[in-house]
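J.: Compute the structure for the input listed below.
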Amino acid sequence: YIGAMGFEERTTASVNALVDTGVRARRAFLLEFDMYYEATAKRREEYQDLITQLSNGRPYQPLNAPVGNPDPTFPERVKQALTTALGHEKGRIVFDCTSCPALILSKLLRLLVELRCDLTIAYSEAAKYFPTREEWESGKLKPRGAKIQGPFAGVRFVERPPSLQSDDTGERPVLLVLFPTFNTERTAGVLVELEPAKRIWM
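T.: Numbering: from 1, shown residues only. A predicted model of the protein is given here:
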């Protein structure tokens with residue numbers, strides 16, 4: 001089992017459902033982030049209790065998953081932990097991505113689909129997302145920050161995929177596939193950083 005120590009109310013919903021239905025895991029890993037400490041503390045005791053039940057009393061292994069700073073070693077560290085846990089078996093992995101930030105989710109999914117395992121992805125849907133459709137259509141939404149000072153306002157860093165780490169990409173054009181979100185600052189930051197020749201919106 002791989003879970004994420006988040007701060008939303010639904011953080012423990014998936015692991016709670018697994019425990020209630022009698023699912024048990026031989027090993028449990030918990031992604032720990034370098035932000036949101038105070039908000040996360042409210043969910044920690046309940047999550048730790050549930051994850052202990054899920055793993056039949058065995059201690060879980062924390063996995064450091066930084067989101068405040070780039071960490072190129074993250075995928076390799078997780079891969080080593082998982083391959084050690086699985087050994088030579090084709091293991092079964094349940095990945096609860098409910099509380100995973102996009103940065104961690106994208107790296108972990110790539111690793112898991114390449115790993116020799118039967119993968120199940122669990123996700124707990126929020127009861128309500130904000131802004132609501134009514135708020136959005138009202139045209140009265142206020143900007144979250146003060147004055148926008150450029151395309152990187154509100155963006156800590158843009159992490160490039162390994163294939164784009166070098167500025168020299170053989171003069172090949174970059175095709176960027178984007179998922180539109182309410183956070184236009186992040187989207188603008190990526191567009192400025194990568195300068196794609198072509199865009200596909202999902």
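J.: and residue 92, that's in a strand?
T.: Yes. Residue 92 forms part of a strand when assessed by DSSP: H, G, I helix; E, B strand; the rest coil.
J.: What residue, apart from its backbone neighbours, is nearest residue 95 spatially?
T.: residue 2 (4.7 Å; C-beta to C-beta, 6 or more residues apart in numbering). For glycine as for every other residue, the C-beta is placed from the backbone atoms N, C-alpha and C.
J.: Count the residues that sit near the residue lying closest to residue 124 once chain neighbours are set aside.
T.: The shortest distance from residue 124 to any non-neighbouring residue, by C-beta to C-beta, 6+ apart, is to residue 13 (3.8 Å). Neighbourhood size, residue 13 [other C-beta atoms under 10 Å]: 18.
J.: buried residues in the helix or strand where residue 13 lies?
T.: According to DSSP states H and E, residue 13 maps onto helix 13-20. Across helix 13-20, burial judged by 16 or more other C-beta atoms under 10 Å covers 13-16, 18-19.
J.: now, the most widely separated pair of those?
T.: 13 and 19 (11.1 Å; C-beta to C-beta).
J.: Give me the local confidence score for the residue nearest to residue 95.
T.: What the model reports as pLDDT for residue 2 is 97.
J.: Roughly how far does it sit from residue 51?
T.: To residue 51, residue 2 is 11 Å away according to C-beta to C-beta, to the nearest Å.
J.: what residues are shared contacts of these two?
T.: 28, 30 (C-beta atoms under 8 Å, 6 or more residues apart in numbering).
J.: Residue 16 touches residue 51, doesn't it?
T.: No. If you go by C-beta atoms under 8 Å, residue 16 and residue 51 don't touch, sitting 10.3 Å apart.
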